[in-house]
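Starting from these lines, generate the structure:
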Amino acid sequence: MKTLNIEIIKAKEFLTLRDVSKLLNCSIRTIYYLIENGKIKAVNLSQRKTLIKRSEIDILFSKPYIEPKPETVHYDFSDCYMLSEVRDKYGISDGGLHQLIKRHNIPKLLKWKCTYVPKQLIDNILNIVT
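All right, here's what the predicted structure looks like:
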């Protein structure tokens with residue numbers, strides 16, 4: 001029964017969001033995300049009717065995916081705070097500081113038994129310019 005439904009969907013030239021989500025085995029919200037980011041072109045016929053051309057799905061898979069490489073930034077220890085300096089300067093708790101570092105993906109540098117974080121990133125997040 002499911003294969004029959006997929007075959008019917010594959011035969012259509014224009015697909016609804018639900019059809020595309022079944023075809024790609026993902027949520028309708030994911031389809032909206034792909035449309036919003038320009039990966040799939042869609043047409044709104046009305047407030048509640050959006051159609052996607054079947055060829056758009058084929059185009060989506062014909063493009064090679066290139067994994068974006070994150071920029072590697074190297075920080076000098078002279079441009080970094082020790083964690084204890086951040087706690088003292090901003091009056092933040094140990095747990096609060098670790099949450100902040102994790103939430104904002106702040107890189108940690110280790111030297112001996114001390115952990116350092118870039119001054120610029122910490123100052124920007126805490127909205128204090130030194």
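
I'd like to know the beta-bridge partner residues of the nearest residue to residue 80 once chain neighbours are set aside.
Once its chain neighbours are removed from consideration, residue 80 has its nearest residue in residue 116; the separation is 3.8 Å (C-beta to C-beta, 6 or more residues apart in numbering). Just so you know, the C-beta spots here come from the backbone N, C-alpha and C atoms, and that holds for glycine as well. Under the criterion DSSP bridges, residue 116 forms beta bridges with residue 82, residue 109.

Tell me who's in contact with residue 116.
By C-beta atoms under 8 Å, 6 or more residues apart in numbering, the contact list for residue 116 reads 75, 77, 80, 81, 82, 83, 108, 109, 110.

With distance to residue 23, neighbour count and pLDDT as extra columns, can I get those residues in CSV?
Compiled in CSV, those are given as follows (distance: C-beta to C-beta, whole Å; neighbours: other C-beta atoms under 10 Å; pLDDT from 0 to 100):
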residue, distance to residue 23, neighbour count, pLDDT
75, 46, 15, 82
77, 52, 10, 81
80, 49, 23, 90
81, 51, 19, 89
82, 53, 15, 89
83, 49, 19, 90
108, 43, 13, 89
109, 46, 16, 88
110, 47, 8, 87
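
still on that earlier bit, the residue nearest to residue 80 and residue 77, how far apart?
Here the criterion is C-beta to C-beta, to the nearest Å. By it, residue 116 lies 6 Å from residue 77.

Find residues that contact each of those two.
Between them, residue 116 and residue 77 have residue 109 as joint contacts when contacts are counted by C-beta under 8 Å, 6+ apart.

so residue 23, which of the three states?
The three-state label for residue 23, taken from DSSP: H, G, I helix; E, B strand; the rest coil, comes out as helix.

and it, what is it in contact with?
Contacts for residue 23 (C-beta under 8 Å, 6+ apart) come out as 6, 9, 10, 15, 57.
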